Structure formats: structure tokens, C-alpha cells
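Engineer: This is the structure alone, sequence omitted:
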């Protein structure tokens, strides 16, 4: 399949109800950080975009939301797929992006160039969707903050090493800051800017 | 769809829903902060809950069970018409039982029944800005929120004490959410403020005319503003509900005649009905009094 036809395949079969279903999971995910949600349907999204990331793109993006893509995604048919199915303009300026998609294994140097919103309008910040290898494996992290009763633990394999430090910096900006969704294939979890992340010690 | 005259599911078009959904996600990420959104004209006047209706329309799906209350009651005009609206445009199941509902849209009350994890409470909000009556300029109130400058609100509560000897604010009592934003809980009685704190349910607030959406995630601190020597207190009622005998619930006063006759009944009609079905009775349990 060449690049052009890959961009035209897939999408929601039933946009009204599928986008509602994905959104409710996103809303529950944001309201209960660290809870893992699952996207059932195949979206036909081209590699390296994951099924959950594809579904989130179809649910939230449109002509009003400019999107930044990491290098691997920008060079792939996924860029045209997002453009065709959502109409969202692709931007190369991180600060302009309402949403950003990062493929698995891509290096993240900083969240600093993405928009953190302003002190008056902290909602005008980027939401970053980052693909990781898998959940329930790898490093165990302890989450706390609004939406979490006391604390909760999650395990993530393939999260960039710097993520925790970058997240702590992001947390310190509150109420400004980016929000994140971590995706692993058809599963995802949300990390709003209010969530604190601590590495769990072995045996805990 | 074969019927050309039908509406999109839940009335709103998909682009509007996406815009509102994005606002809801940011609202949850910044507890208590008012996210501006492009509020639409709804087929009902402003003041009838257009903000709550737009939030509900954007989150509701075919599997949801909707409950709508107005001042705690399922059977008042506003509640009945909004429930009928969603039955018509979204074909969803509706209920009056708090326990069964997945989405509860409310005007001015929080149900007495403790809400659970699978439930979303959607508030209809007339004036979302708690500082608006103290500072009319949006540019200024926005700066006050940005700088976390809430001294004016404390001055207002202090003036209550100076004039009346106590904090006389009884509804729309300001709260601080997650230790950061001061928020208007909508005109709910202050009796309901403690229910917002560390709630199991997600709470969403929609203000249609003022074009703002805000949220309190589950398990989030919601603290009513007060002073050490004048701590926050909720309303207390001397008598129990005249129909079901419940204590520790919010009561409405109903005038019965022009000779000073009155009764106090549960404002939450579902709670009252359930208690009466369980066999609880108050001092005026007759069917006449119920009607």
C-alpha cells in the first residue's frame, strides 16, 4: 500500500457513537489518572501510530486543533491519515500545537517548547500523546493527586528515562503545564498535569 | 438515518461536541479553573440550564441512564423538560432513582444519596465566576485567579461577619478546589458543599450564557472558605422531614395555608420517596400532604 492509499483507509465506521465511546474513556482516564482504558475497534491507522492514539486523534482533532508530530510519525503515512480523517493542520511549531503525538521510542528532550498555556489561560496548553512499549511491565510508578484516592501504581515499559524529571518540572508549573496520554497499542492511560509521579521502590 | 428531519444524536453537531469535549478534558486537568468554550444556542432560553445541557449532550451515550433534578426534585418543570429533551434527541434511558443513574444533571442541589464511581454529576451554572459580584471586570477576575489573589473573597466573608455576626452566605458558598482555585459551586445550598469534597463521582459544571466549563475530579479536596474563629457550618434543621422523617437532609419549607401552616419536606424527592417505600414516616405522612 502506498502512502496515499494508507492515508485514506480506516477511520471510525460510526463516528458519532465511536467518538463518544472513546471520549468517555478519555474523560474517565483524565478524571482517574493512571486507570487503564482500552479501545476496542480497529481504526486502520498506519504505523507507527497505535490503535489508541489513532482513536484519540479521530475523537479530539479537527480543523481547530493544530497537531505536532514526532519525526517518525511526520515522515510516515500517519501524518496524511490524520490530515485526511480529521482535517487537523499539521504544524512544526511545538508551541502552536494543541495536540502532539510521539511514536514509541522517540526521544523527548523537553516539554518546554510545547505550550504550557498562560497563567490567565492555563487551558491553552498542549496535550501530548506518547506511545510506550506496554503497560503492566517495566518500571513501577506511584501516582497521586486529584482523581486518585491516596495513591495508585502503574507499570510502564518503554517510557523515556527523562520522563519523570520532565514531569516533575511540568508539575511545578501548575496551573500551567502540558497534559499527557500514554498509549500502548489499543490501551491508554491519562496523566493530567496535577498528577505527581514517584518511582516505587522494589518490594513495595 | 432515513428520517431527514431528525437531529444528530444528542442534538449537538459533532464538531461542537469535540470542542466541548476538549474543554471538559482541560477542565478536569485543572480542577476548579473555568475553561472558556464556544457555547451554542440551545432550543431553550439561557437560564434554563443550557450549559449543563451542552455538557450532558457532549458526554452522553446510548448506554447511559440519565437523571435530571431541579432543586432536588425530579418532577419540576426544568427537570421534566430537560429529561424529555434527552429522551427525544438521544433516545436514552431516564430514571428518577439516584442509584441507577450514570449521569445526573442538576440545578441547585446534590442528591442526598452518596454518589459512586460510575456516576457523573453535571451542574447547571448561572454565574460561574465566584468573584464576579466583587469585581465586574473579567480581565481583573482572570488576573486574580492567575495570581491566586483571593483576599477580596475573604473580605466579603468578613463583612458578612461584621454586619451579621456570622457568615451569612447560604448558597453558592465559595470553595477552594485542590488547594488552588476558588470556585463557585453553583447556587447549591452550602449544606451540599461537604458532599463535593473527596467525592467518588466526577463533577462537571456548565455555564451556557457565560460560556464556561469547569470540573472537580473525583477524590479532590474541596474546602469551603472560612475563618479559624468562624468555621464553615452547614444549615441545620430542627424538625425532620414531615413526610419521611429523615434527619440530616436538606428540607424545603412548604406553606400550607394562610393561617401560618407550614411543613418541611425533603428537597430530594427521590430520597424521600425511597424512604417512604421503606416504611419511614414523618408527622404528616398522609397522601394529601404528599400532594
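Structural biologist: The structure has been received and is ready for your questions. The model shown is predicted, which means the values in this text are computed figures rather than measured ones.
Engineer: Mind listing residues that contact stretch A:135-147?
Structural biologist: The contact list for stretch A:135-147 (C-beta atoms under 8 Å, 6 or more residues apart in numbering or on different chains) reads A:30-34, A:36, A:150-159, A:164, A:182, A:184, A:187, A:189, A:191-192, A:194-200, A:204, B:28, B:31, B:178, B:217-221. Every C-beta, even on glycine, is put in place using the N, C-alpha and C of the backbone.
Engineer: what stretches of the chain score poorly on pLDDT?
Structural biologist: I'll assume chain A. A:1-3, A:201-204 (pLDDT under 70).
Engineer: Correction: the question concerned chain B.
Structural biologist: Ranges of chain B meeting pLDDT under 70: B:1-5, B:285-291.
Engineer: residue ranges of the helices in it, please?
Structural biologist: Using DSSP state H, the helices of chain B run over B:14-29, B:50-59, B:77-89, B:138-146, B:151-164, B:193-196, B:269-277, B:287-290.
Engineer: taking the ones you listed together, which one is wrapped up most tightly?
Structural biologist: With neighbours taken as mean count of other C-beta atoms under 10 Å in any protein chain shown, these reach their highest mean count in helix B:50-59, at a mean of 26.
Engineer: isn't residue A:79 right up against residue A:70?
Structural biologist: No. Residue A:79 is not in contact with residue A:70 according to C-beta atoms under 8 Å; the separation is 10.5 Å.
Engineer: How much space separates residue A:162 from chain B?
Structural biologist: Distance of residue A:162 to chain B, computed by C-beta to the nearest C-beta, to the nearest Å: 21 Å.
Engineer: Spatially central, which residue of the chain would that be?
Structural biologist: This is for chain A. In chain A, the residue lying closest to the centroid (C-alpha atoms, centre = their mean) is residue A:129, at 1.7 Å.
Engineer: Can you look at chain B instead?
Structural biologist: Central residue of chain B (C-alpha atoms, centre = their mean): residue B:123, at 3.9 Å.
Engineer: That one pairs with what?
Structural biologist: Bridge pairing for residue B:123 (DSSP bridges) gives the partners residue B:106, residue B:205.
Engineer: quick one, what contacts it?
Structural biologist: B:52, B:105-107, B:185-186, B:188, B:203-206.
Engineer: Ok, residue A:116 next?
Structural biologist: Per C-beta under 8 Å, 6+ apart, neighbours of residue A:116: A:122, A:125-126, A:170, A:173, A:176-178.
Engineer: Go through those and flag which are in helices.
Structural biologist: residue A:170.
Engineer: Tell me the buried residues within the contacts of residue A:116.
Structural biologist: A:122, A:125-126, A:170, A:173, A:176-178 (16 or more other C-beta atoms under 10 Å in any protein chain shown).
Engineer: and the two most separated of the contacts of residue B:123?
Structural biologist: Checked with C-beta to C-beta, these reach their widest spread between B:105 and B:185, with 15.3 Å between them.
Engineer: Provide a list of residues in contact with the nearest residue to residue B:78 once chain neighbours are set aside.
Structural biologist: In space, and not counting its chain neighbours, residue B:78 is closest to residue B:70: 4.0 Å by C-beta to C-beta, 6 or more residues apart in numbering or on different chains. Shown in contact with residue B:70 (C-beta under 8 Å, 6+ apart): B:76-79, B:106-108.
Engineer: Please apply the same query to residue B:9.
Structural biologist: Contacts of residue B:9 by C-beta under 8 Å, 6+ apart are A:16-17, A:20, B:62, B:89-90.
Engineer: Kindly report the same for residue A:60.
Structural biologist: Contacts of residue A:60 by C-beta under 8 Å, 6+ apart are A:23, A:26, A:99, A:127, B:18, B:21-22, B:25.
Engineer: immediately after the strand ranked longest in chain A, which helix or strand?
Structural biologist: Criterion DSSP state E: the longest strand present in chain A is strand A:134-144. Counting by DSSP states H and E, the next helix or strand C-terminal to strand A:134-144 is strand A:152-157.
Engineer: That following strand pairs with which strands, parallel or anti?
Structural biologist: Strand A:152-157 is paired, per DSSP bridges, with strand A:134-144 (antiparallel).
Engineer: Buried residues, the partner strand. List them.
Structural biologist: By 16+ other C-beta under 10 Å, the buried positions in strand A:134-144 come out as A:135, A:141-144.
Engineer: Same check on stretch A:156-166?
Structural biologist: Residues A:156, A:158-159, A:163, A:166 are the ones in stretch A:156-166 that count as buried (16+ other C-beta under 10 Å).
Engineer: Using CSV, please lay out those residues together with distance to residue B:254.
Structural biologist: Conversion of these to CSV gives the following (distance: C-beta to C-beta, whole Å):
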residue, distance to residue B:254
A:156, 57
A:158, 63
A:159, 59
A:163, 59
A:166, 59
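Engineer: So which of these is the closest to residue B:57?
Structural biologist: Closest to residue B:57 out of these is residue A:156 (34.7 Å), distances taken as C-beta to C-beta.
Engineer: right, and the closest one touches residue A:187 too?
Structural biologist: No. With contacts counted by C-beta under 8 Å, residue A:156 stays clear of residue A:187, the gap being 10.9 Å.
Engineer: residues from chain A in reach of chain B?
Structural biologist: A:15-17, A:19-21, A:23-24, A:26-28, A:30-32, A:59-62, A:64-65, A:98, A:118-123, A:125, A:127, A:146-149, A:174-175, A:179, A:192-194 (C-beta under 8 Å from any C-beta of the partner chain).
Engineer: Determine the number of other residues adjacent to residue B:149.
Structural biologist: Residue B:149 has 14 neighbours, counted by other C-beta atoms under 10 Å in any protein chain shown.
Engineer: and if you look at residue B:202?
Structural biologist: Using other C-beta under 10 Å, residue B:202 is surrounded by 27 other residues.
Engineer: Enumerate every residue touching it.
Structural biologist: Contacts of residue B:202 (C-beta under 8 Å, 6+ apart): A:27-28, A:31, B:28, B:119-121, B:215-218.
Engineer: try it again with 6 Å
Structural biologist: Applying C-beta atoms under 6 Å, 6 or more residues apart in numbering or on different chains to residue B:202 gives the contacts A:31, B:120, B:218.
Engineer: Just give the nearest non-adjacent residue to it, would you?
Structural biologist: Nearest non-adjacent residue to residue B:202 (C-beta to C-beta, 6+ apart): residue A:31, at 4.5 Å.
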